[in-house]
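K.L.:
Need coordinates for the following:
(chains A, B and C)
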Amino acid sequence: MTQHWEDIKNADLILIMGGNAAEAHPCGFKWVIEAKAQRKAKLVVVDPRFTRSASVADYYAPIRTGSDIAFLGGVINYLLTHDKIQHEYVKAYTDFSFLVKDEFQFADGIFSGYNPEKRSYDKSSWDYQLGADGFVKTDPTLQNPRCVYQLLKAHYARYTPEMVETVCGTPKDKFLKVCEMIAGCSTPDRTMTVMYALGWTQHSVGAQMIRTGAMVQLLLGNIGVAGGGVNALRGHSNIQGLTDLGLLSNTLPGYLTLPGDKEQDYAAYLAARTQKPLRPNQMSYWQNYPKFHVSLMKAWYGDAATKENNFCYDWLPKIDKLHDVLQVFEDMGQGKVNGYVCQGFNPLASFPNKAKIGGALAKLKYLVVIDPLATETSEFWQNFGPHNDVDPAAIQTTVFRLPSTCFAEEDGSIANSGRWLQWHWKGAEPPGEALGDGEIMAGLFLRLRAMYAKDGGAFPDPILKLTWKHRIPANPSSEELAKEYSGCALSDLADPKDPTKTLVKAGEQLAGFAQLRDDGSTASGCWIFSGAWTQAGNQMARRDNADPYGLGIAPGWAWAWPANRRILYNRASSDPSGKPWDPERRLVFWNGKSWGGADVPDMRPDAAPAENVGPFIMNPEGVARFFARGGLNEGPFPEHYEPFESPLDANPFHPQNPQAKSNPAARVFKGDMEAFGTPKEFPYAATTYRLTEHFHYWTKHVLTSAIIQPEQFVEIGAELAQEKGIAAGDRVKVRSNRGHIIAVAVVTKRIKALDVAGRKVHTVGIPIHWGFKGVAKNGYLANTLTPFVGDSNTQTPEFKSFLVDVEKVKG
Amino acid sequence: MIRDPQDLRRYTASQRVNHWIVGMCFILLAFSGLAFFHPAFFPLAMLFGGGVWARILHPLIGVAMAVFFTLLALRFWRLNMMTATDLEWLKRAREMMDGDDHNMPIQGKYNGGQKALFWAVLVCVLVLFVSGLAIWREYFSALLPIGLVRFASLLHAVFASLMIALITVHVYAAIWVKGTIRAMWYGTVTRAWAKQHHAAWYREMTGRKS
Amino acid sequence: MALQSLDIKARSATTTPSPQIRKAVEVAKLIDTSICIGCKACQVACMQWNDLRDEIGSNHGVLDNPMDLSAASWTVMRFAEHENEEGNLEWLIRKDGCMHCTDPGCLKACPSPGAIVQYTNGIVDFHEENCIGCGYCITGCPFNIPRISAKDHKAYKCTLCSDRVAVGQAPACAKACPTGAITFGAKEDMLDSAQVRVDGLKERGFQNAGLYDPQGVGGTHVMYVLRHADRPELYHGLPQDPHISPMVSLWKGVAKPLATAAMGAVAVGSLFHYVMKGPNEVSKETEREVEKEGEQ
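P.N.:
All right, here's what the predicted structure looks like:
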């Protein structure tokens, strides 16, 4: 989230698209209701299904699954052609006036630099024209045909309401009504907020869908303001913490990145990430990258990390390519993986193409499952009749189950969607032999370290020299870990303004990441969390809900990264002169001497407005980008591509170009292309989703949740049901090219057939949640059906759009 | 009372047993039913071991009564067919009530009043049985529309009250007309009783003409 | 049963007045269906607070589950798909459960003294230790709420968490509701709050928005804000004008004293008839005739 949950109450219009907040985030959804009640806000829901969110919305528009970029591109076109943008905002705070290289081109769905064999782009042309001074050339008149504004306008001119209707199946009048409502928020005193979740991320063009939403918000001047923003509603309570702490294959804590295998030189690694400003006076905050990185290495390796050995840079893995979950299971299926540790993860249930995942697990020598529950993954080798029809005798994988605690059985912090780190205290002791995850990992580590110490090995240093200064080495406490990521001074830190004074004494906790140094005198395990545990104590445990400005910002409640800032880019809530756009919502403003207000300013506190320091401080250009440069893999402007399994034969935007049908830059493994189904055999669009009654595959183990939603079902529109002779309550077989499930049919008016590109597209809704472990009735894993392909940037699988066939099960 | 070989047999042992089974059922049903009907009678439920037992037993006894009453009715329905004399008797029932019965029309085994009571009770039992099933929550009520259950509840209460009143009359008549009750105790009545109250039956039984 | 006997305003199968001395504030639960998202948190909260666990059922082709109220499910969400005049879909979701009528049909019908009570604050509560399991409460209820358990043959329904209310807490469902669709407080305050919500809905174009506090049962202590207050039946058959059925009113009303009096009159009448007219004995004359006949 650029915002935090409570800020949603400040919105005038709430767009829920690519998510179903009422269903999946009912507690946070209360702020939507608050906005409706207190600000008379309107709620708009755009979704393939009339969801629980839609049931309390002021307006609902249907959309074909996977066509969100077409819809939002249409909104961009509407805003530009109807002149419903916040002019001063986009001129000052975005790249509207920036000139783009002449080499950058877009032709029939493909951007310049495409290599069809590698399915990837050479992105060198996707950049700005630089002047002799090293700064980007601009045209403040916006007349230059190579300026971002002109390119943007040209790119989305194709996204007409008629085209939106053709591609999305959204009736033109409904689309225009939504546009009209959104356009109403282009004035400084009205804001829209966008709430999305996996309905945007889980597509082969997921990251670009989110970007398109963000672009709409930028045009409206709604980023960085109260009641605006683009808000990712995180599913797992601590999934925000997972990304923050860098638990992905290519990241380090705090969104630092692992080096690639060509980056053997430390200085070059740092230089590539220490971005110089692209416009005069810009903060380009990543210039501090070395401070964050060195402090991380000091937190990990302590005294072993020295300036001389490049702070142990050589000990970091250098990756050859992304080793995301899809890649790992691809390798596992090819027999290239011996062992796999599954911690709080149930891939058999939650990754696509269950047959492929199960087949891959069967090739392992050993599988370690660390989980509070008996998951499907831990039982993948057992036969559960039709729900898991495997032959245990043929599977030789040894499975170790290490029972762990659940969140309520341990102390610690949980990072919510709004980036708050909230400390919580255990509510109960864990049952039986269950241990905390930290204790389990410590046990594994200490044994490994002892083995390396005793037997040596090819590369023992990263293990032997890892900092492990815990009071009970076998059980590091949450408090110790929290202090470690927040960071401390390793030697006395002199005040940069007055070197005779000591700012922080050796051993003391740091106040925040501004105190981090690149000389090895500070340690912080995750720079963005720096300040969560200061010398004053645990900031995450604070519970003061005072809201002095009435904007729903309680700075004394828990702690938010970065720097306890609740709304990102909040400098943009004031005009270039430092005056709030909306006097009713004074988030951050210039008081003549410094920046202040309800929130911690996302700006150097003494940067006078006249200095023209842009609000998007992490970007070297200081402004927000419509033109993403090389940031994403499939292009600087989002373009609509069909899902890999599409009910259409071609991309209606590029009917003659098969290369541009689906995401040209998405990685597809050998064999998976063939495993995609065709609309001829599988005529119906399908989408998977969650129900409010359950949480993933966990709560089928909970009696009360099993009682309120006991048995697997699929949702079928009344029209399709009639065509297929299916009545509510019948059992139906849903088939994709990868397998089938059998479930009860819920026949509903909430899913309507859509007219798309001259044909009728029916959608079959498939809730996940059921499996073969737990107290609810056993069912099939929904991901038996889903395709093994992901977004080209994040590799998040395309769970939301695929093809199936449906038939009634006789008898 | 001394048994006299001259006495006339009015009921066989099996008829008497049948009658008293029905009679006992009725008493139990009346007491338990009244307990549900009006708070004033709720203490009667204690006779059955409390309200819950009364609730459990009442419908079961009701079924028993319906069965035994059916047997009884099968035995007696022909004897209770109304005749013109019965109607005449009924018209002049007031004289009878006043204690002046020597001018009443000659009656057979049953007088018009008894016959009317027989049919009235039969209707009551039928209505109570059917409506009773409908309000028997444990087995049947849930299967029926609520409006029907409500109607059945009202009907059951009304006909139960009616039946209690009828049986009160029935019992009182047996007490009032001396020499009657023994017919249901021993099965016999004196010839004089028979001649006075059921002269036609007396002639039939004795073969006399006057 | 957590409130005191002093708090009991009315008691089933009781003809004498209950304590009248204590004045309590009437309470009410207000359910704003226009912001209810049907998440069923209220169902779970109800199960947890009251320690109820219904059977794990089946899916019947709808999202409703459990499918109906039961002895162990005192509240369920009812989902109804309604296409309005403009052809737009509305998904009307209603939390079903006891309405806590001011004039409760269950209490009127109940034959067992003290099995159903109405508290001065308006809550209608079942005291299962006095319940005889006859099901008359079901017959009497205009909303089809009470259910008899197949296990113990006792009647059960929502208590409005009378035990929580007794100690100043809101009912578990209201506490758990994430959107504030369920609120709880003094009935007067809830009526004010409902007015604000109804006005808000009218501003949003729901001209027939209104409060469901049916006067046919004297008003209720669970009230709904409805977008379509003119057609409550759209909400999974919420009755348009609920009242205690005339059958039940007759049965447990005027019929009781009348029939009792009638039965008493017959008994007493018989007694006085005996006293006044004397027994009907066989006349001496007939006896002699019969004796004479016997000698012949």
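K.L.:
all contacts plus neighbour counts: C-alpha atoms, from now on.
P.N.:
Noted.
K.L.:
Contact residues of chain B facing chain C?
P.N.:
Contact residues, chain B versus chain C (C-alpha under 8 Å from any C-alpha of the partner chain): B:35-39, B:42, B:51-53, B:55, B:98-99, B:136-137, B:146, B:149-151, B:153-154, B:157-158, B:161-162, B:164-165, B:168-169, B:172, B:176-179, B:191-193, B:195-196.
K.L.:
Tell me which of the residues you listed fall in helices.
P.N.:
Among the residues of chain B next to chain C, the members falling in helices (DSSP state H) are B:35-37, B:51-53, B:55, B:146, B:149-151, B:153-154, B:157-158, B:161-162, B:164-165, B:168-169, B:172, B:176, B:191-193, B:195-196.
K.L.:
just checking, residue A:683 touches residue A:647?
P.N.:
Yes: applying C-alpha atoms under 8 Å, one finds residue A:683 in contact with residue A:647, separated by 6.3 Å.
K.L.:
Of these two, which one has the most company?
P.N.:
Neighbour comparison, residue A:683 and residue A:647: the larger count goes to residue A:647, with 27 against 21 (by other C-alpha atoms under 10 Å in any protein chain shown).
K.L.:
In the stretch 51-200 of chain C, what residue lies closest to chain B?
P.N.:
residue C:132 (4.3 Å; C-alpha to the nearest C-alpha).
K.L.:
With adjacent residues omitted, what lies nearest to that residue?
P.N.:
residue B:52 (4.3 Å; C-alpha to C-alpha, 6 or more residues apart in numbering or on different chains).
K.L.:
What of residue B:165?
P.N.:
Distances taken as C-alpha to C-alpha, 6+ apart put residue C:263 closest to residue B:165, at 5.3 Å, once the chain neighbours are dropped.
K.L.:
ok, now residue A:562?
P.N.:
residue A:528 (5.3 Å).
K.L.:
burial measure for that neighbour, as a count.
P.N.:
Neighbour count of residue A:528, defined by other C-alpha under 10 Å: 23.
K.L.:
picking up where we left off before, pLDDT value on the residue nearest to residue B:165, please?
P.N.:
pLDDT recorded at residue C:263 is 95.
K.L.:
Heading C-terminal from whichever strand or helix holds it, find the next helix or strand.
P.N.:
Using DSSP states H and E, residue C:263 maps to helix C:255-277. Under the assignment DSSP H and E, the closest C-terminal helix or strand after helix C:255-277 is helix C:284-295.
K.L.:
what's in contact with that next one?
P.N.:
B:191-192, B:195-196 (C-alpha atoms under 8 Å, 6 or more residues apart in numbering or on different chains).
K.L.:
For those residues, could you give me CSV that also reports distance to residue A:797 and neighbour count?
P.N.:
As requested, these are exported to CSV (distance: C-alpha to C-alpha, whole Å; neighbours: other C-alpha atoms under 10 Å in any protein chain shown):
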residue, distance to residue A:797, neighbour count
B:191, 105, 28
B:192, 106, 24
B:195, 104, 23
B:196, 104, 22
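K.L.:
With pLDDT and distance to residue A:192 as new columns, can those residues be given to me in JSON lines?
P.N.:
Shown next, in JSON lines, are the contacts of helix C:284-295 (pLDDT from 0 to 100; distance: C-alpha to C-alpha, whole Å):
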{"residue": "B:191", "pLDDT": "91", "distance to residue A:192": "106"}
{"residue": "B:192", "pLDDT": "91", "distance to residue A:192": "106"}
{"residue": "B:195", "pLDDT": "90", "distance to residue A:192": "104"}
{"residue": "B:196", "pLDDT": "89", "distance to residue A:192": "103"}
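K.L.:
Closest one of the residues you listed to residue A:54?
P.N.:
Nearest to residue A:54, judged by C-alpha to C-alpha, of the contacts of helix C:284-295 is residue B:196 at 88.2 Å.
K.L.:
mind listing what that closest one touches?
P.N.:
Listed by C-alpha under 8 Å, 6+ apart, the contact set of residue B:196 reads B:102, C:282-283, C:286.
K.L.:
let's see 6 Å
P.N.:
Listed by C-alpha atoms under 6 Å, 6 or more residues apart in numbering or on different chains, the contact set of residue B:196 is empty.
K.L.:
same check, this time on residue A:200
P.N.:
Applying C-alpha under 6 Å, 6+ apart, the residues near residue A:200 are A:18, A:206, A:209.
K.L.:
For whichever residue of the stretch 201-350 of chain A sits closest to chain B, which non-adjacent residue is closest in space?
P.N.:
Of all residues in the stretch 201-350 of chain A, residue A:349 sits closest to chain B, at 42.1 Å by C-alpha to the nearest C-alpha. Excluding the flanking residues, the one nearest residue A:349 by C-alpha to C-alpha, 6+ apart is residue A:781, at 5.8 Å.
K.L.:
Ok, residue C:106 next?
P.N.:
Leaving aside its sequence neighbours, residue C:106 sits nearest to residue C:137 (C-alpha to C-alpha, 6+ apart; 3.9 Å).
K.L.:
what about the residue nearest to residue A:349, neighbour count?
P.N.:
Around residue A:781 there are 27 residues (other C-alpha under 10 Å).
K.L.:
I figured it hits residue A:771, correct?
P.N.:
Yes: here residue A:781 reaches residue A:771: they are 5.1 Å apart, a contact under C-alpha atoms under 6 Å.
K.L.:
List the buried residues in the lowest-mean-pLDDT helix or strand in chain B.
P.N.:
The weakest-scoring helix or strand in chain B, judged by mean pLDDT, DSSP states H and E, is helix B:93-97 (a mean of 87). Across helix B:93-97, burial judged by 16 or more other C-alpha atoms under 10 Å in any protein chain shown covers residue B:93.
K.L.:
got a list of contacts for that helix?
P.N.:
By C-alpha under 6 Å, 6+ apart, helix B:93-97 touches no other residue.
K.L.:
one more time with 10 Å
P.N.:
B:87, B:89-90, B:99-104, B:111-113, B:173, C:273-274, C:277, C:280 (C-alpha atoms under 10 Å, 6 or more residues apart in numbering or on different chains).
K.L.:
List the buried residues of whichever helix or strand comes after it.
P.N.:
Sequence order places helix B:112-134 as the next helix or strand after helix B:93-97, per DSSP H and E. Using 16+ other C-alpha under 10 Å as the test for burial, helix B:112-134 gives B:112-119, B:121-122, B:124-129, B:131-134.
K.L.:
And helix B:112-134, what does it pack against?
P.N.:
Contacts defined by 3 or more C-alpha pairs under 10 Å, 6 or more residues apart in numbering or on different chains; DSSP states H and E place helix B:112-134 against helix B:51-76, helix B:84-91, helix B:146-176.
K.L.:
Columns distance to residue A:446, mean neighbour count and mean pLDDT on top of the ones you listed, output as JSON lines?
P.N.:
JSON lines is the format used below for those (distance: least, C-alpha to C-alpha, whole Å; neighbours: other C-alpha atoms under 10 Å in any protein chain shown; pLDDT from 0 to 100):
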{"stretch": "helix B:51-76", "distance to residue A:446": "67", "mean neighbour count": "18", "mean pLDDT": "97"}
{"stretch": "helix B:84-91", "distance to residue A:446": "108", "mean neighbour count": "16", "mean pLDDT": "92"}
{"stretch": "helix B:146-176", "distance to residue A:446": "71", "mean neighbour count": "20", "mean pLDDT": "96"}
